[in-house]
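S.K.: Structure for the following, please:
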Amino acid sequence: MNVCVVGASGYAGQQLVALLMNHPHVGKVFLMASSTAGARYSDLNPAFKGRMEELLLPASDLLLPGFVKENDIGAVFLALPHGASMPYAQFLIENEPEVGIIDLGADFRIHDVEVYKKWYGDHTCPQYLDRFVYGLPELHRDQIVGCRTIGNPGCYPTSILLALVPALKAGVVETDRIVADSKSGMSGAGKTAAISSLFTEVAETVRPYKTGKHRHTAEIAQEMSQAAGEAVGLLFAPSIVPMSRGIQSTVYAAVKPEMLEWAKTSILDYYKEFYKDAPFVRVLDEQPETRNVRGSNYCDVWVTIDEETSTLVAMGVIDNLVKGASGQAVHNFNLMFGFEETAGINMLPLYP
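M.R.: Residues are numbered from 1 along each chain as shown. You can find the predicted model right below:
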């Protein structure tokens, strides 16, 4: 199957291209971009020298009548900034309904248009929000299979949700005051040049930002509420740390008094049972580290009960560019078209 990556020159797009090049069911990968259109891909990304020498096509070519059919494109990955995927998705839905759409941005993750407006602003095609499935395979696998429109989750939400959702589904924790504290490497900020991304600005420091106001709060709360069966109260506190890739999230929630004794002895085993059929979640007996998932599609999870405060503490670590973006997109692609679930993304972490 031929596929197209719109936004191929960014960090997530670059990682996605690398995965698709080695996918057993992918033929030609069409590369598209806006500001870098016309450039040779390997000039922008020297790691691809000798492997991908194609020129980047203008992203607008995707909207040309006949382009998709003439090039036998079966799936389009939209690796674009928030707000930029809408016109491409709308065009494909209305003109190429058999083509699979996987949006790596936030345009189609949130189901309620009013919630979307609160966090992101106006949506140009809200009539299609309900069509998209939130693409976290460990939670929505059955809905993803065969679906042609997927909203790929954000990186922070992936690590947080996989850490806490089992406890929410089991009814173990109170839902009114959930706290999620996350540390992310700098690649999550993207490739755009900024003073705040300079080495001397990020080295040897931990930089909190947008505490309680980060846009990912909306999709985290949406999925937590669905898992719990009721609205949740969530405080999300992200920080930047001086590493290139990786996210470590620690989530705290009070244990319900009637569930405390069970949770003390059984919560870890319950998590292992919950994820027993999830090929990319590893529930550990010890606290996880980002270095042990680097370059892989794994999410390592650990959970415990702090008996002094009757608090559930759950941790999730991922590579933000793989499980938090491109690897998860390929996982959704596999489920969408009935390929082996792990095809193209079953690589081991890069260690050391």
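
S.K.: Correct me if wrong: residue 105 contacts residue 86.
M.R.: No. Assessed by Cβ atoms under 8 Å, residue 105 is found out of contact with residue 86, at 9.2 Å. Yep, even glycine has a C-beta here, placed from its N, CA and C like the rest.

S.K.: quick one: residue 72 and residue 2 touch, right?
M.R.: Yes. Counting by Cβ under 8 Å, residue 72 does reach residue 2; the two are 5.1 Å apart.

S.K.: So if I had to pick from these two, which one is more boxed in?
M.R.: Between residue 72 and residue 2, counting by other Cβ atoms under 10 Å, residue 2 is the more crowded of the two (14 against 10).

S.K.: wait, doesn't that one sit right on residue 30?
M.R.: Yes. Counting by Cβ under 8 Å, residue 2 does reach residue 30; the two are 6.8 Å apart.

S.K.: Quick check: neighbours shared by those two?
M.R.: Common contacts of residue 2 and residue 30 (Cβ atoms under 8 Å, 6 or more residues apart in numbering): 71, 73.

S.K.: which residues sit against the least confident helix or strand in the chain by mean pLDDT?
M.R.: Every helix and strand in the chain was compared by mean pLDDT, DSSP states H and E; the lowest is helix 199-202, with a mean of 89. Contacts to helix 199-202, defined as Cβ under 8 Å, 6+ apart, come from residues 186, 195-196, 240, 242.

S.K.: Okay, buried residues for that helix please.
M.R.: In terms of neighbour count (16 or more other Cβ atoms under 10 Å), helix 199-202 has its buried residues at residue 202.

S.K.: try stretch 235-245
M.R.: 236-241, 243, 245.

S.K.: any weak-confidence spans in the stretch 251-352 of the chain?
M.R.: Residue ranges of the stretch 251-352 of the chain with pLDDT under 70: none are present.

S.K.: All the strands of it, residue numbers only.
M.R.: Secondary structure of the stretch 251-352 of the chain (DSSP state E, counting those that start in this stretch): strands at 281-283, 299-306, 311-318.

S.K.: Kindly report the same for the stretch 51-200 of the chain.
M.R.: Using DSSP E, counting those that start in this stretch, strands in the stretch 51-200 of the chain cover 57-58, 73-78, 100-103, 133-134, 149-151, 178-184.

S.K.: Switch those over to CSV, and while doing so, append mean neighbour count and distance to residue 162 to every line.
M.R.: Below are those laid out as CSV (neighbours: other Cβ atoms under 10 Å; distance: least, Cβ to Cβ, whole Å):
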stretch, mean neighbour count, distance to residue 162
strand 57-58, 16, 35
strand 73-78, 24, 22
strand 100-103, 26, 19
strand 133-134, 22, 13
strand 149-151, 27, 17
strand 178-184, 22, 12
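
S.K.: bridging residues for the residue lying closest to residue 148 once chain neighbours are set aside?
M.R.: Once flanking residues are discounted, residue 148 sits nearest to residue 100: 5.0 Å by Cβ to Cβ, 6 or more residues apart in numbering. Using DSSP bridges, the bridge partners assigned to residue 100 are residue 75.

S.K.: just checking, residue 100 touches residue 336?
M.R.: Yes. Using Cβ under 8 Å, residue 100 is in contact with residue 336, at 5.0 Å.

S.K.: Touching both of those two, which residues are there?
M.R.: With Cβ under 8 Å, 6+ apart, residue 100 and residue 336 have common neighbours 75, 148, 150.

S.K.: If you drop the residues flanking it in sequence, what lies closest to the last one?
M.R.: Taking Cβ to Cβ, 6+ apart, and ignoring the residues beside it in sequence, residue 150 has residue 135 as its nearest neighbour in space, at 4.1 Å.

S.K.: Next up, the contacts around the one you found.
M.R.: Residues in contact with residue 135, defined by Cβ under 8 Å, 6+ apart, are 102, 144, 150-153, 328-329, 332.

S.K.: Residue 310 now?
M.R.: Going by Cβ under 8 Å, 6+ apart, the list of residues near residue 310 reads 254-255, 257, 260.

S.K.: okay, now the domains of the protein?
M.R.: Described in terms of automatic domain parsing, the domain architecture of the chain consists of the residue ranges 2-131, 156-320.

S.K.: Tabulate the ones you listed (TSV), appending distance to residue 139.
M.R.: Output for the domains of the chain, formatted as TSV (distance: least, Cβ to Cβ, whole Å):
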stretch	distance to residue 139
domain 2-131	13
domain 156-320	6
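
S.K.: In the sheet, which residues pair with residue 4? Tell me.
M.R.: residue 30, residue 76.
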